[in-house]
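Colleague: requesting a structural model of the entry that follows:
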Amino acid sequence: MDDISEENHHNGNPLLPVITGTAMEKTASGWFLFWASRTPVEEQTWGQFTHDALAHFEASNYEELRQFCQTGDIEEYNGKYPSLILRIENMIEVDQVRYYCDGLKRTTQVYVKLQNATT
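Modeller: Numbers count the residues shown, from 1 in each chain. Here you go, the predicted structure:
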């Protein structure tokens, strides 16, 4: 988002809703339509948009990460976990490890904890 906002930062840019709304997944698109309908046009700037979007979605990203659990093999879990972590800005490594371990199957958790994993 920062690259887009720096390149196209215009206060009150009338194209913001058009450009942004066409490049989103369904969940984000629904939130964006709500945001655009509730935010006065003069406040629909890239800066305000990125601030509001990060505030809204970071909370749901933490919740999704908290609920993420290993249901299949470890390779499948390891394949999905990094994409969840990348959605959360500035998460420290210790928290990344803690969330990772908390989502593992119980038997795998025991093995990892015996290894005293910290990274």
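
Colleague: can I get the lengthiest helix in the chain in CSV, CA atoms only?
Modeller: For the chain, the longest helix by residue count, based on DSSP state H, is helix 46-67. Taking Å, rounded to 0.1, in the frame of the first residue of the first chain, the C-alpha atoms of helix 46-67 are listed here in CSV:
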residue,chain,number,x,y,z
TRP,A,46,-4.5,7.5,0.3
GLY,A,47,-3.1,8.3,3.7
GLN,A,48,-6.5,8.0,5.4
PHE,A,49,-7.4,4.9,3.4
THR,A,50,-4.2,3.1,4.3
HIS,A,51,-4.5,4.1,8.0
ASP,A,52,-8.1,2.9,8.2
ALA,A,53,-7.5,-0.3,6.2
LEU,A,54,-4.5,-1.4,8.3
ALA,A,55,-6.4,-0.6,11.5
HIS,A,56,-9.4,-2.7,10.4
PHE,A,57,-7.6,-5.7,8.9
GLU,A,58,-4.7,-6.1,11.3
ALA,A,59,-7.2,-7.0,14.1
SER,A,60,-8.8,-9.6,11.9
ASN,A,61,-5.4,-11.0,10.8
TYR,A,62,-4.5,-11.5,14.4
GLU,A,63,-7.8,-13.4,15.0
GLU,A,64,-7.2,-15.5,12.0
LEU,A,65,-3.7,-16.4,13.1
ARG,A,66,-4.9,-17.1,16.6
GLN,A,67,-7.5,-19.6,15.3
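
Colleague: against which helices or strands is that helix packed?
Modeller: Here helix 46-67 touches helix 2-8, helix 16-21, helix 26-38, helix 74-85, helix 93-103, going by 3 or more Cβ pairs under 8 Å, 6 or more residues apart in numbering; DSSP states H and E. Where you see a C-beta, it was placed from the backbone N, CA and C, and this is true even at glycine.

Colleague: how many other residues sit next to the residue lying closest to Ile74 once chain neighbours are set aside?
Modeller: On the basis of Cβ to Cβ, 6 or more residues apart in numbering, the spatially nearest residue to Ile74 that is not a chain neighbour turns out to be Thr108, at 6.4 Å. Using other Cβ atoms under 10 Å, Thr108 is surrounded by 15 other residues.
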